[in-house]
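Student: From the sequence below, what's the structure:
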Amino acid sequence: MSGSAINTFGVFASDNVAVLSPRHHNNPQALRLESAVFGKVLNPSDLRQKFQLYPLGTDSSVLSEEAMMAFEAQNINGSENNEMHPMMNQAHKNLARLAPSQYSDGVSSLGGADRSNPRFISNVVFDQQESIPDERGLSGMTWLWGQFLAHDTDLTPDKSGEIANVEVPIGDEHFDPMGKGGQSITLKRSLFDKMTGTDEANPREQENVITGWVDGGVVYGSDDERAKWIRTGENGKLKVSEGNFMPYNDGTQDNARIGMADGFFVAGDARSNEHSALISLHTLFVREHNRLADEIKAANPGFTDDEIYDRARKINAAQIPSITYNEYLPALLGEGVLDEYQGYDPSVDATVTNEFSTALFRYGHSTIEEVMFRLDEEGNEIPEGHLTLRDAFWDPKKVTEEGGIDPVLRGIVTLVMEKVDTKFVDSLRNFLFGQPGQGGMDLASLNIQRGRDHGLADYNTVREALGLQRRENFSDITSDPILAEKLELAYGSVDNIDLWVGALAEDHVEGASVGETTLTGMKDQFERLREGDRFFYEGDSSLSASDKKMIRNTTLADIIKRNTDIKNIADNSFFSPDHQPI
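Tutor: Below you'll find the model as predicted:
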């Protein structure tokens, strides 16, 4: 098959025409042989001389005169990016699919009706007794950036009005310790396109309410109302609150889980308040925007508010895909996995797929640590102490009143993340957002149930859609005989595994921190997002060669140094200090 892994089941929500990408690897073994090609892309860890080339506070963030003449801002809602399909990845369009949906009734009912209960699978497969660090020394920033990136490309709210609670097995140690039965973990079904789900020829399709592009919408918003609200309207700047944090809600902006409650921040994405580390990363990029705005205004005193904002947004938003493709993806997937960028190709279907957003890109949930380190500049625990994960949720005061974002960012780039596997720390598997019976949930169970809510195809079917061979036995998935036995107990058949579970259970590809299915699915999605994006910074006509070089040479560590008091930080934020790439 030529083209992307999206087949005729993955169509543009705008016009129902499937367009295939001109490049796709059908041979997964070839994935590890491309380092010579990818080697042409600069390695951020080798760019330590850039401070001499681009001194901070001078020409490091001012667009060239050439770029000023050709400037074009991207629409906030993601529309009119792809010239052949102007509504591709626009907010409020449907997710695509790699493989046809597998709803139990062929139309819309939960998939996996013949599979085990999600909480049973969680108890059998996902119980974690001790810390299992990533074997390559990836830092916690890897999972945090993955979450930040996920919030830049996909949001499918649970606002369909339908309930799909996970039943708790009788006598569950955490959720039914008295053995009374009748307990459940709450889950609401996802928002979907009301024009779908009518019959087997038109099964249910879920809606992505934010832009699907890696475009900085996580900072700036995906609709005009929110984008306007977070702006000051003066000097191109974004609003901040006391202490240079994000602005607080005034009761008009809807946030995830907490609605319009005051005491919580407003960012481009509605999920920014979820935990202390996410708050810190959001705050960092708001500060970076305002820093850029100051430089642009100083260099161009006649510019209007809109002109300054658009140009600061252009650079700040471009730094997000640059960090993603030059630092994050090589760290997680290994050097040389992605094909070399050949330029914008309007024929590429860049639509975010359901399998990617609902399963494969949720790998990071297994990598989150039980404790969130908070460190001073000398690497010591701050007086307020470290944060247990369960105490870090939905509480901005843990940042604003306990040392700010600096201790959190120092901690997240220092601590080695947990291994990508089928193990979840207790704070996510038994105490997510509260105690059992008091709002507490099990993220592993919810991820399994969400995949069934979306009618995702089973693990082997998706592997086949990605050009990979089907697994014949549980031992083909994992070399760990105990895990293989647990998978067989949970599923019975290797052809009936939930995609998210099967992908996490795989042995890691050599040189990567994920298995073959996750690696191939991420390669497919991120190559399409890059190649089908007219505003991807490397191909953006609004940026000159020198602008692109400046953006390419800016690492996440640079942005952290520019906008905090942190000086003692490793060059590569995605590896812990003791595991820096050579």
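
Student: Break down the stretch 451-582 of the chain into its strands, ranges please.
Tutor: Assigned by DSSP state E, counting those that start in this stretch, the stretch 451-582 of the chain shows no strands.

Student: Need the three-state assignment for the residue nearest to the spatial centre of the chain.
Tutor: In the chain, the centroid-proximal residue (Cα atoms, centre = their mean) is residue 150; its distance is 2.2 Å. Following DSSP: H, G, I helix; E, B strand; the rest coil, we place residue 150 in the helix state.

Student: so what's it up against?
Tutor: 357, 361-362, 364 (Cβ atoms under 8 Å, 6 or more residues apart in numbering). (Each C-beta comes from the backbone N, C-alpha and C, glycine too.)

Student: Let me have those residues in a markdown table, extended by neighbour count.
Tutor: Listed next are those as a markdown table, based on neighbours: other Cβ atoms under 10 Å:
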| residue | neighbour count |
| --- | --- |
| 357 | 22 |
| 361 | 23 |
| 362 | 22 |
| 364 | 19 |
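
Student: From these, which land in helices?
Tutor: residue 357 (DSSP state H).

Student: Out of the contacts of residue 150, which is nearest to residue 472?
Tutor: residue 362 (25.6 Å; Cβ to Cβ).

Student: List the contacts of that closest one.
Tutor: 150, 447, 500.

Student: Surely residue 504 is in contact with residue 364?
Tutor: No - with contact defined as Cβ atoms under 8 Å, residue 504 does not count as touching residue 364 (10.5 Å).

Student: what touches both of the two?
Tutor: With Cβ under 8 Å, 6+ apart, residue 504 and residue 364 have common neighbours residue 420.

Student: Between all of the contacts of residue 150, which two are separated the most?
Tutor: Applying Cβ to Cβ across the contacts of residue 150, the maximum distance is between 357 and 364, 12.5 Å.

Student: ok so, going back, next, format the contacts of residue 150 as a markdown table and append distance to residue 170 and pLDDT.
Tutor: Listed next are the contacts of residue 150 as a markdown table, based on distance: Cβ to Cβ, whole Å; pLDDT from 0 to 100:
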| residue | distance to residue 170 | pLDDT |
| --- | --- | --- |
| 357 | 33 | 98 |
| 361 | 34 | 98 |
| 362 | 28 | 98 |
| 364 | 32 | 96 |
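
Student: from the contacts of residue 150, which is closest to residue 114?
Tutor: residue 362 (22.9 Å).

Student: any idea how far that closest one lies from residue 500?
Tutor: 6 Å (Cβ to Cβ, to the nearest Å).

Student: Mutual contacts of these two, please.
Tutor: residue 447.

Student: just to revisit the earlier point, from the contacts of residue 362, which single one is nearest residue 419?
Tutor: Nearest member of the contacts of residue 362 to residue 419, counting by Cβ to Cβ, is residue 500, at 16.1 Å.

Student: Verify the stated contact: the closest one with residue 445.
Tutor: No - contact criterion Cβ under 8 Å: residue 500 and residue 445 do not qualify, at 11.2 Å.

Student: Poorly predicted segments of this protein, please.
Tutor: Regions of the chain meeting the criterion pLDDT under 70 cover residues 1-64, 66-69, 432-440.

Student: so what does the helix ranked longest in it touch, helix or strand wise?
Tutor: Ranked by number of residues, the top helix in the chain under DSSP H is helix 276-299. Judged by 3 or more Cβ pairs under 8 Å, 6 or more residues apart in numbering; DSSP states H and E, helix 276-299 is in contact with helix 141-153, helix 217-220, helix 305-323, helix 397-400, helix 405-414, helix 556-563.

Student: what about the ones you listed, which gets the closest to residue 78?
Tutor: Here helix 217-220 is closest among the helices and strands packed on helix 276-299 (Cβ to Cβ), at 7.2 Å.

Student: I'd like the distance from the helix or strand just after the closest one to the chain centre, please.
Tutor: Remark: after helix 217-220, the chain's next helix or strand is helix 224-229, criterion DSSP states H and E. With Cα atoms, centre = their mean, to the nearest Å as the basis, helix 224-229 stands 22 Å off its chain's centre.

Student: Tell me who's in contact with residue 318.
Tutor: Residue 318 neighbours (Cβ under 8 Å, 6+ apart): 216, 537, 540, 543, 551.

Student: any chance of those residues in TSV, plus neighbour count?
Tutor: Converted to TSV, the contacts of residue 318 look like this (neighbours: other Cβ under 10 Å):
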residue	neighbour count
216	24
537	23
540	22
543	24
551	24
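
Student: Give me the subset of the residues you listed that lies in helices.
Tutor: Per DSSP H, those map to helices at residue 551.

Student: can the contacts of residue 318 go into JSON lines with extra columns for distance to residue 472?
Tutor: JSON lines is the format used below for the contacts of residue 318 (distance: Cβ to Cβ, whole Å):
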{"residue": "216", "distance to residue 472": "44"}
{"residue": "537", "distance to residue 472": "43"}
{"residue": "540", "distance to residue 472": "46"}
{"residue": "543", "distance to residue 472": "49"}
{"residue": "551", "distance to residue 472": "46"}
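
Student: Among the contacts of residue 318, which one lies nearest to residue 96?
Tutor: Distances from residue 96 to these, taken by Cβ to Cβ, are shortest for residue 216, at 21.9 Å.

Student: Residue 315 versus the closest one, what's the distance?
Tutor: Where residue 315 is concerned, residue 216 sits at a distance of 10 Å (Cβ to Cβ).

Student: Return the backbone torsion pair for residue 375.
Tutor: Backbone torsions of residue 375, given as degrees, to the nearest 10, read phi -120, psi 150.

Student: Next, count neighbours for the residue lying closest to it once chain neighbours are set aside.
Tutor: Nearest non-adjacent residue to residue 375, counting by Cβ to Cβ, 6 or more residues apart in numbering: residue 410, 4.1 Å away. Residue 410 sits with 25 neighbouring residues when counted by other Cβ atoms under 10 Å.

Student: quick one: residue 410 and residue 565 touch, right?
Tutor: No - here residue 410 lies out of contact with residue 565, judged by Cβ under 8 Å, at a distance of 10.2 Å.

Student: got any residues that touch both of these two?
Tutor: Joint contacts of residue 410 and residue 565 (Cβ under 8 Å, 6+ apart) are residue 377.

Student: List the contacts of residue 222.
Tutor: Per Cβ under 8 Å, 6+ apart, neighbours of residue 222: 76-78, 91, 209-211, 268.

Student: Need the phi and psi values for it.
Tutor: Residue torsions, per degrees, to the nearest 10, at residue 222 are phi -120, psi 10.

Student: Please enumerate the strands of the stretch 1-150 of the chain.
Tutor: Under DSSP E, counting those that start in this stretch, the stretch 1-150 of the chain gives strands at 93-94.

Student: Tell me how far residue 94 lies from residue 212.
Tutor: 10 Å.

Student: who has more neighbours, these two?
Tutor: Legend: neighbour count by other Cβ under 10 Å for residue 94 and residue 212, higher for residue 212 (31 against 24).

Student: list the contacts for the more buried one?
Tutor: By Cβ under 8 Å, 6+ apart, the contact set of residue 212 is 78, 88-90, 93, 153-154, 350-352, 529.
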